[in-house]
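Chemist: Sequence and predicted structure below; questions after.
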Amino acid sequence: MQTDWIEQLFTRADGQYLCARWGRPIVPVVFGVDDNTLSTVKGAIEAVVALAGHKMAETDPELGANLMVFFFRDWSELLEVPNLDRLVEGLGPLVARLQAADANQYRIFRFDEANAIRAAFVFIRMDDALESVPAETLALSQAVQVILLWSDRAFTDRSALALTDGDTILRPEIGALIRAAYDPVLPAVATDPAHALRLGARIGSLQ
């Protein structure tokens with residue numbers, strides 16, 4: 001895996017390199033889906049967390065649940081969720097911006113004192129485009145995008161997933177990168193592009 005490609009996956013539009021992983025066990029809760037879809041989403045999260053070598057838990061001592069996934073039809077529905085405005089600062093203006101942009105998904109991360117991921121909020125508006133995506137594919141895509149703090153441009157040109165024999169799978173190089181990023185020898189947070197070199201080296205040693 002080329003180092004410059006790894007670096008691009010964590011270099012934001014403003015030119016800043018930033019890679020962060022979760023600093024605590026992940027406790028997901030999913031809103032707005034039926035039981036079958038709930039199992040699919042949680043199963044995808046569990047699979048990606050296991051791939052990373054990270055942990056899940058029944059509850060977060062500070063937040064209860066620290067990964068909140070919302071499915072809905074219209075952005076305005078978020079304004080009706082009790083106390084969500086306390087968890088997401090500036091919820092009203094954010095909803096207005098997302099409505100104006102006709103966005104169908106958005107993710108917000110919160111960080112601890114060491115700048116590792118402490119919590120994440122995933123908002124998915126089920127428009128016509130996402131309605132056509134199989135639940136397993138959508139769930140796996142969201143799980144991958146929340147396991148690390150990727151660049152805001154990371155998967156705009158090329159998906160993290162691939163289709164093999166009719167099945168949607170995580171691209172092997174992305175899976176290897178996730179495992180490497182969670183290797184204990186690497187820091188939970190990195191802002192130096194040289195970190196991409198270390199990721200590449202860890203991928204080589206883990207294979």
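Modeler: Everything's here; your move.

Chemist: Secondary structure element holding the nearest residue to Ser76 once chain neighbours are set aside?
Modeler: Nearest residue to Ser76 in three dimensions, chain neighbours excluded: Val95, at 6.6 Å (Cβ to Cβ, 6 or more residues apart in numbering). Using the backbone N, CA and C atoms, a C-beta is placed for each residue, glycine as well. Secondary-structure element containing Val95, defined by DSSP states H and E: helix 91-100.

Chemist: who's in contact with that helix?
Modeler: Trp75, Ser76, Leu78, Leu79, Leu84, Asp85, Val88, Tyr106, Phe123, Arg125 (Cβ atoms under 8 Å, 6 or more residues apart in numbering).

Chemist: Strands - which of these land there?
Modeler: The strands, defined by DSSP state E, take in Tyr106, Phe123, Arg125 from the contacts of helix 91-100.

Chemist: Neighbour-wise, give me the winner out of those residues.
Modeler: When neighbours are counted by other Cβ atoms under 10 Å, Phe123 leads these with 23 neighbours.

Chemist: what's near enough to touch Phe10?
Modeler: With Cβ under 8 Å, 6+ apart, Phe10 has these contacts: Tyr17, Leu18, Cys19, Leu149, Trp150, Ser151, Ala154, Ala190, His195, Ala196.

Chemist: and which of those is nearest Val33?
Modeler: Closest approach to Val33 among the contacts of Phe10 (Cβ to Cβ): Trp150, at 23.9 Å.

Chemist: now that closest one: how far from Val88?
Modeler: 20 Å (Cβ to Cβ, to the nearest Å).

Chemist: Check Thr40 too.
Modeler: For Thr40, the distance to Val88 - Cβ to Cβ - is 25 Å.

Chemist: which residues touch Ala116?
Modeler: Ala116 neighbours (Cβ under 8 Å, 6+ apart): Ala20, Arg21, Trp22, Gly23, Arg24, Ala188, Val189.

Chemist: which two of the residues you listed lie the greatest distance from each other?
Modeler: Greatest spacing in those, by Cβ to Cβ: Arg24 and Val189 (13.4 Å).
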